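Asks: Build me a model from this:
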Amino acid sequence: MKIQLAEHMGFCFGVKRAIDLAQENANDHTGKIYTLGPLIHNPQVVSRLSRQGIAVAENIDAINQGTVIIRSHGVGPEVYRRAEAKGLTIVDATCPHVKKAQQAAARLAASGYQVIILGDADHPEVKSIIAWAGSDPIVIGSEEQAAELPVFPKLGVVAQTTFSIELFDCILAVLQTKCQEIQIDRTICTATDMRQQTARKLAGQVDVMVVVGGKNSANTTHLADLCRQTGVKTYHIETASELKQHWFEGARQVGITAGASTPQWIIEEVYTTMQQMEQDDRLKRLEPGMLIQGTVVDVRQDEVFVDVGYKAEGIIALSELAFPAPAKASDAVEKGQVIDVVVLDANSAEGSVKLSKVQADKQVAWTKLEEALRENRTLEAKVLGAIKGGLSVAVLGIRGFMPASQVDLKYTENLSEYAGQTIQCLAIEVVPEKSKVVLSRRALLEAEKERLGKELFAKWKVGDQVHGTVTRLADFGAFVDLGGIEGLIHISDLSWQRVKSPSEVVNAGDAVQVIIVKLDSENKRIGLSLKQTMPDPWFTAAEEYREGMTVSGVITRTSKFGAFAELKAGVEGLIHISELTDHRINDAKEAVTAGQKVTVKILGVDKKNKKISLSLNQAKQDEERADYSRFIKEETGLGVTIGDKLGYLFKHND
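Replies: Okay, the predicted model is just below:
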């Protein structure tokens, strides 16, 4: 039987403060000391305080002199006035959370709100809040009571500090229909909520729950009710003396929680008593198959000796120590370690008890694996080796399987490279009755990628320059790993020059600096640009070109409306179809072809739109004019005859 303690239980801040104040005054005062009513709802604590000289007075009339301690539940303003009038020394141990509720009720009443107190009208804390809430506060504890209320102009809502948060919200939904204006002070103590949540969670994991605390304590009673609502067998006790051995028969796991008024020493007594019960029961019967706990008392090369509280020590063989089997026993356990074991043979021929840690680990492991699957909890697995279809792994001492498709985000050809590695993963299928557990590393990587993606999308903006590594190339561009998330550099953003393939600019494995040009968080897409990290050669080169210049170029492509000529790397101009020849054509291909070297005249440079207009025809005409001029100078004897014949060259081309 394994005993588990709730994460949050026992004294809350307010109760501990009240106890501390009472004990401080017991040590510092010689006169009579009284608490106004039981300091907390725990008879054992009240009795202990009584032995320290702190008596209980039911009301202020019973105290004529000395010190009065206001308990954690608080009192109304009239009690303070009467105590002062009697000359009593007042020690105010009211819980700060209760004080907050009192002040909220007083403030709401003074502001003209009808005060509604959610809680138990007979509880001393609620009574103290009522005393601060004006003349006509209303106490309700259910949705039905809320539904019966008339409509008010203004409602002010406070709550008993230990009130259920779920019930508070349900009642609040009703109250909002009962007024024109509502003011809410959520005065429920968060420690109460945490105690209730952890108790409910533990109750869902064990076979029996023990709730420790005063029978007259509202919060402890509520804890017990919450545990019972989960369907688990629940017992509410005040002290360890109430525990019964038969409550735990057949129980593998038992949980303990405690109310806010339960001191640690009572919780420890209950825990120790339950441990002793479990030990006594185990000594009575030690049978094969039993899951018990023991303490390692000796570790040898190939076996371990364990004290299980029996007449003879238990022995664990190396093969029964762990999975996979260790090379030596000290690799798996150490002396003094408390471990779970399963009894294999209680009456062996050697007179010893044969035990198995492997089988105990498996029993515990299947429960942990089911919890990990249910809660999507990360597991650690050791890869035993590559097998057909995936990896064989050891997880929590159990052999598991990881399909090849679940090993990584992308397909891994050589799975043997994972052999011997310890990897993080998630359970995606757990079937104890078939001894089947299927794991996924990919699911964890995808979740991490999703988390990282959200962080990066929130962090980055368009225009940011980031570092990355080229992971793969495609016809349309290059993919870049930006630290767990990929972006794409489209082929048009790789270079200022026209490229036919991304491999002309980058290769897989290249480290690059890129500019973010597009962020699509909804579709998880990032557009990148490599060329924008470099100066645009067009602007530098364009400074060289002016209207009227004649330059050389290479035809890069043609279309029906003209041809593009590259003047230098990254700088292209357009030759309109009307500027290709001195006669009409229907397609640029009739005049030029891609790759052809040409001489063109610049008609215009549009720096704003990065456009250069060119003319092949006018460049040819200029060349012919130049040739004619040279000819005239050399052949002056030809006179007008040749001028008459070639004079058209000097006419402007309209």
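Asks: So A327, which state does it fall into?
Replies: Classification of A327 using DSSP: H, G, I helix; E, B strand; the rest coil returns coil.
Asks: scratch that, V126 is what I was asking about
Replies: Going by three-state DSSP: V126 is helix.
Asks: and it, how many neighbours does it have?
Replies: Burial of V126 is recorded as 28 neighbouring residues (other C-beta atoms under 10 Å). No exception for glycine: its C-beta is placed from N, CA and C like everyone else's.
Asks: Look up the closest residue to it, ignoring the ones flanking it.
Replies: Spatial nearest neighbour of V126, chain neighbours left out: G119 (4.3 Å); criterion: C-beta to C-beta, 6 or more residues apart in numbering.
Asks: got a list of what the one you found touches?
Replies: Contact partners of G119, counting by C-beta atoms under 8 Å, 6 or more residues apart in numbering, are 125-126, 129, 139, 141, 159-160, 163.
Asks: now those as JSON lines including secondary structure, pLDDT and distance to L21?
Replies: Shown next, in JSON lines, are the contacts of G119 (DSSP: H, G, I helix; E, B strand; the rest coil; pLDDT from 0 to 100; distance: C-beta to C-beta, whole Å):
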{"residue": "E125", "secondary structure": "helix", "pLDDT": "91", "distance to L21": "17"}
{"residue": "V126", "secondary structure": "helix", "pLDDT": "94", "distance to L21": "22"}
{"residue": "I129", "secondary structure": "helix", "pLDDT": "95", "distance to L21": "21"}
{"residue": "V139", "secondary structure": "strand", "pLDDT": "96", "distance to L21": "28"}
{"residue": "G141", "secondary structure": "coil", "pLDDT": "92", "distance to L21": "30"}
{"residue": "A159", "secondary structure": "strand", "pLDDT": "94", "distance to L21": "25"}
{"residue": "Q160", "secondary structure": "coil", "pLDDT": "92", "distance to L21": "22"}
{"residue": "F163", "secondary structure": "coil", "pLDDT": "86", "distance to L21": "25"}
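Asks: between those residues, which is nearest K518?
Replies: A159 (51.0 Å; C-beta to C-beta).
Asks: How many neighbouring residues does that closest one have?
Replies: A159: 26 surrounding residues under other C-beta under 10 Å.
Asks: ok, now K127?
Replies: When neighbours are counted by other C-beta under 10 Å, K127 registers 19.
Asks: Next, find the distance separating it from R81.
Replies: 17 Å (C-beta to C-beta, to the nearest Å).
Asks: got it, and M402?
Replies: To R81, M402 is 73 Å away according to C-beta to C-beta.
Asks: and these two? which has more neighbours close in?
Replies: Higher neighbour count among M402 and R81: M402, with 27 against 11, using other C-beta under 10 Å.
Asks: burial of E24, as a residue count?
Replies: By the criterion of other C-beta under 10 Å, E24 has 11 neighbours.
Asks: so after whatever helix or strand it lives in, what's the next helix or strand?
Replies: According to DSSP states H and E, E24 maps onto helix 13-28. The first helix or strand that comes after helix 13-28 along the chain, using DSSP H and E, is strand 33-36.
Asks: Quick check: mean pLDDT of that next one?
Replies: Averaging the model's pLDDT scores along strand 33-36 yields 88.
Asks: other SSEs contacting it?
Replies: Applying 3 or more C-beta pairs under 8 Å, 6 or more residues apart in numbering; DSSP states H and E, one finds that strand 33-36 makes contact with helix 13-28, strand 54-57, strand 67-70.
Asks: The longest one packs against which elements?
Replies: Same thing as helix 13-28. For helix 13-28, the contact count by 3+ C-beta pairs under 8 Å, 6+ apart identifies strand 33-36, helix 43-51, strand 54-57, strand 67-70, strand 89-92, helix 96-110 as packing neighbours.
Asks: least reliable of those going by mean pLDDT?
Replies: helix 43-51 (a mean of 83).
Asks: For that one, buried residues please.
Replies: 43-46, 49 (16 or more other C-beta atoms under 10 Å).
Asks: Can you show me the CA trace of stretch 246-257 as PDB?
Replies: Below are the C-alpha coordinates for stretch 246-257, written out as PDB (Å, rounded to 0.1, in the frame of the first residue of the first chain):
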ATOM      1  CA  HIS A 246     -10.100  -2.900   7.400                       C
ATOM      2  CA  TRP A 247     -10.500   0.400   5.600                       C
ATOM      3  CA  PHE A 248      -7.400  -0.300   3.600                       C
ATOM      4  CA  GLU A 249      -7.800  -4.000   2.700                       C
ATOM      5  CA  GLY A 250      -7.000  -4.500  -0.900                       C
ATOM      6  CA  ALA A 251      -6.000  -0.800  -1.400                       C
ATOM      7  CA  ARG A 252      -2.800  -0.200  -3.400                       C
ATOM      8  CA  GLN A 253      -2.800   3.500  -3.000                       C
ATOM      9  CA  VAL A 254      -4.200   5.700  -0.200                       C
ATOM     10  CA  GLY A 255      -4.300   9.500  -0.100                       C
ATOM     11  CA  ILE A 256      -4.300  11.900   2.900                       C
ATOM     12  CA  THR A 257      -5.500  15.500   2.900                       C
END
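Asks: now it: how far from the chain's centre is it?
Replies: Mean-position distance between stretch 246-257 and its chain equals 33 Å (C-alpha atoms, centre = their mean, to the nearest Å).
Asks: Give the rounded mean pLDDT of it.
Replies: Stretch 246-257 comes out at a mean pLDDT of 88.
Asks: let's have the chain start at 735 instead
Replies: Got it, the first residue is 735 from now on, which makes the last one we talked about stretch 980-991.
Asks: what's in contact with that stretch?
Replies: Residues outside stretch 980-991 that contact it (C-beta under 8 Å, 6+ apart): 735-740, 743, 929, 932-933, 936-937, 939-946, 957, 961, 966-967, 969, 1001, 1004-1005, 1008, 1011-1012, 1015, 1025.
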